[in-house]
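# Give me the fold of what follows.
(chains A and B)
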Number of protein chains: 2
Amino acid sequence: MSKKYSTSLVGIGALGSRFLSFFQNSKNFELRQIISTKSYKEFQIPNQIKIASLIENLDLKIEVVFICLPDSLIFEALEKIEQLKSQNLTVLCFSGALVPKQKFSFNYGFLHPVNSFPQKSDSHSDLEEIYWNSMGDSKFTRIANLLTQELRGKAFELKNEDLKPLYHSSCVIASNLLTSLLATAEESISKALNEPTQSKLVLKNLVEQSVKNFFESENKNALSGPVKRKDFLTVEKNLTALQNDFPEGIETYKTLSKNLLRILDKNFTQAEKAELLKILGKSDFE
Amino acid sequence: MSKKYSTSLVGIGALGSRFLSFFQNSKNFELRQIISTKSYKEFQIPNQIKIASLIENLDLKIEVVFICLPDSLIFEALEKIEQLKSQNLTVLCFSGALVPKQKFSFNYGFLHPVNSFPQKSDSHSDLEEIYWNSMGDSKFTRIANLLTQELRGKAFELKNEDLKPLYHSSCVIASNLLTSLLATAEESISKALNEPTQSKLVLKNLVEQSVKNFFESENKNALSGPVKRKDFLTVEKNLTALQNDFPEGIETYKTLSKNLLRILDKNFTQAEKAELLKILGKSDFE
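Below is the predicted model:
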């Protein structure tokens, strides 16, 4: 059996709680310490694991630290670790937006699981078989690869560090802003249905099929609907309906329809583009 | 065995082609005639089924007509059918946007399968177990129910006919504009990845999990990300990144983030709302 890295877990929120589950049977990492200012009573934690509330109390015999804190606290935590002058330490920070610009005496880097974890969980199944953005020094990368491989995942790199904020924007669009869009569809359909409580049920298949089409086809072939069909009368009716019955949705409809026009650009003549842009209200923000 | 309705299918595009497959084993409908101006050579059509190119050639012994034409041609087709003075006819029109306002001497109405059919298909499996909006007279409703029940689907009604355009807008948002959003995420992440061809692979799990969270939770609980966490610095970094490297995505990011703020309204103080709106550029279209 290969040696396990003695590990400290900092933060037991949505991501940290999943690592608690992962460590229970990990073949590469042995959890020795939890550092958390929050309550951990909801989790079953074996007696031999030490608990501390401050990063200053990091066990100096630890080899690997997992930092699962909000972005705004991560560099502060790294600076406190630097003060401890711990030998031979590697720090895995989990963040979609930050980059390892600052130099420290220890090895470190950033891993980002490309998934959405809105709530804490006592299972780590949604950490398995996913993509991880990895950005850090060579020792960090070696240990990060051990982690992602154990989770049967795939690590990938960006072209350069400066593109991390763009990468993160893309993830926000594909996750949080997707939820924003779906909530808009739900709110608007609920005003039309005879049984508004059915709104999510009615939409579920349509949404799932659209997502499936997107991932299985070229984007242009995944599309249906009035913009694709150049059925501008229906686009106008949609906008009038939103204006009358759900004005909160109108900018979403306009912005994403203009975006469709951009994606389908080559399918449209200049005159058709002009006509659709007129309907979608060029003056609003162009 | 119950009597089957003799049926004519008008239009064999994305939806009509699926009905061709459905009719092969239907217990309630017997396909007798296809009316299409387009080529049908790609489909295997039994010899006993008559083929016509004009609606004026509708077989007068037919009991049920399925109209699977673009919205812009449907009422024109209904007016031509009216000229034929066919007895005891029921017409099922398939449209998400139209309503049965006009009176005809035959029974008719509109059915709308809440699903996305971007391409023709020789299988009707994606017509099964879905929701159908149903709007029409009582004989139409009886025959429409036979169809949706045979497809193990669920028919539902709107509060009133005037809300059909709003209902249709919601479907467009949940399908076409969802694709528009996903294409934006893909385009933007492809500019950051070391291997841009992996863009869809990297995003797939994140998107599917976000959709799953949306349908399984209250919307507020399905959310993660910088707006939810009030991490306004990250929102600013996202916007700067888009401005520098993918300006085509910035209005989508801003519009849907403002929408998130509306959805999460009660979680924010007035000062927090003002701060975020300032970052998201109120002046753009408010």
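
# Look at residue A:203 and tell me its secondary structure.
Secondary structure assignment for residue A:203 (DSSP: H, G, I helix; E, B strand; the rest coil): helix.

# my guess is it meets residue B:114, correct?
Yes: with contact defined as CB atoms under 8 Å, residue A:203 counts as touching residue B:114 (7.2 Å). All C-beta spots, glycine's among them, are computed from the backbone N, C-alpha and C.

# list residues touching both of those two?
Taking CB atoms under 8 Å, 6 or more residues apart in numbering or on different chains as the criterion, residue A:203 and residue B:114 both touch residue B:171.

# in chain A, which spans are strands?
With DSSP state E, the ranges of strands along chain A come out as A:5-10, A:29-35, A:50-52, A:64-67, A:90-94, A:107-113, A:131-136, A:154-156.

# Would you format those strands as a markdown table with distance to residue B:210 and mean neighbour count included?
Putting those into a markdown table (distance: least, CB to CB, whole Å; neighbours: other CB atoms under 10 Å in any protein chain shown) gives the following:
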| stretch | distance to residue B:210 | mean neighbour count |
| --- | --- | --- |
| strand A:5-10 | 26 | 22 |
| strand A:29-35 | 28 | 21 |
| strand A:50-52 | 33 | 14 |
| strand A:64-67 | 24 | 24 |
| strand A:90-94 | 18 | 24 |
| strand A:107-113 | 13 | 22 |
| strand A:131-136 | 14 | 22 |
| strand A:154-156 | 19 | 17 |
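
# for those strands, which one sits closest to residue B:127?
Closest approach to residue B:127 among the strands of chain A (CB to CB): strand A:131-136, 33.7 Å.

# Quick one: distance of the closest one to the chain centre.
With CA atoms, centre = their mean, to the nearest Å as the basis, strand A:131-136 stands 13 Å off its chain's centre.

# just the angle between that strand and strand A:107-113, please?
Strand A:131-136 and strand A:107-113 are oriented at 160 degrees to each other (axes from the mean of the first three to the mean of the last three CA atoms, to 10 degrees).

# Output the contacting helices and strands for strand A:131-136.
Strand A:131-136 is packed against strand A:107-113, helix A:138-150, strand A:154-156, helix A:164-174, helix B:199-216, with contacts defined by 3 or more CB pairs under 8 Å, 6 or more residues apart in numbering or on different chains; DSSP states H and E.

# Identify the residues contacting it?
By CB under 8 Å, 6+ apart, strand A:131-136 touches A:96, A:99-100, A:107-114, A:141, A:144-145, A:148, A:153-158, A:161, A:164, A:167, B:198, B:201-202, B:205.

# 6 Å - rerun?
A:100, A:108-114, A:144, A:148, A:153-156, B:202 (CB atoms under 6 Å, 6 or more residues apart in numbering or on different chains).

# Please apply the same query to stretch A:162-182.
A:96-97, A:99, A:116, A:158, B:181, B:184-185, B:188-189, B:192, B:203, B:206-207, B:210, B:214, B:222-223, B:225, B:237-238, B:241-242, B:245, B:256, B:259-260.

# By mean pLDDT, point me to the weakest helix or strand of chain A.
Across the helices and strands of chain A, the lowest-confidence element by mean pLDDT, DSSP states H and E is helix A:219-222, at a mean of 74.

# Of all the helices and strands packed on strand A:131-136, which one comes closest to residue B:40?
Checking the helices and strands packed on strand A:131-136 against residue B:40 by CB to CB gives helix B:199-216 as the closest, at 33.7 Å.

# how far off helix A:164-174 does the closest one point, in degrees?
Using the same axes, to 10 degrees: helix B:199-216 against helix A:164-174 is 40 degrees.

# Which positions in helix B:199-216 come out as buried?
For helix B:199-216, the neighbour count (16 or more other CB atoms under 10 Å in any protein chain shown) marks B:199-200, B:202-211, B:213-214 as buried.

# and the closest residue to residue A:50 other than its chain neighbours, what pLDDT?
Take residue A:50 and drop its neighbours on the chain: the residue closest to it by CB to CB, 6 or more residues apart in numbering or on different chains is residue A:33, 4.6 Å away. Looking at residue A:33, its pLDDT is 97.

# Isn't residue A:33 up against residue A:6?
No: Residue A:33 lies out of contact with residue A:6 (CB atoms under 6 Å); the separation is 8.5 Å.

# Now the two most distant members of the contacts of strand A:131-136.
Spatial extent of those (CB to CB) is set by the pair A:108 and B:202 at 23.0 Å.

# Get me the contact residues on the stretch 1-150 of chain A for chain B.
By CB under 6 Å from any CB of the partner chain, the residues of the stretch 1-150 of chain A that approach chain B are A:97, A:114-116, A:118, A:130-131.

# at 10 Å what do you get?
The stretch 1-150 of chain A comes close to chain B at residues A:14-15, A:70-72, A:95-98, A:113-119, A:126, A:129-133, as judged by CB under 10 Å from any CB of the partner chain.

# Need the buried ones from the residues you listed selected in PyMOL.
The buried residues among the residues of the stretch 1-150 of chain A next to chain B can be selected in PyMOL (16+ other CB under 10 Å) with this line:
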select buried, chain A and resi 15+71+95+96+97+98+113+114+115+116+117+118+126+130+131+132+133
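
# Out of the residues of the stretch 1-150 of chain A next to chain B, which sit inside helices?
Residues of the residues of the stretch 1-150 of chain A next to chain B located in helices (DSSP state H): A:14-15, A:71-72.

# list the contacts for the nearest residue to residue A:152 once chain neighbours are set aside?
Spatial nearest neighbour of residue A:152, chain neighbours left out: residue A:129 (5.0 Å); criterion: CB to CB, 6+ apart. Residues near residue A:129 by CB atoms under 10 Å, 6 or more residues apart in numbering or on different chains: A:115, A:151-154, B:205.

# and which of the residues you listed is nearest residue A:87?
Nearest to residue A:87 among those is residue A:151, at 27.8 Å by CB to CB.

# Tell me how far that closest one lies from chain B.
In this view, residue A:151 and chain B are 12 Å apart by CB to the nearest CB, to the nearest Å.

# is it true that that residue touches residue A:27?
No: contact status for residue A:151 versus residue A:27: not in contact, 11.3 Å apart, counting by CB atoms under 10 Å.

# Neighbour count for these two, which is higher?
Neighbours per residue (other CB atoms under 10 Å in any protein chain shown) separate residue A:151 from residue A:27, with residue A:151 holding more: 18 against 10.
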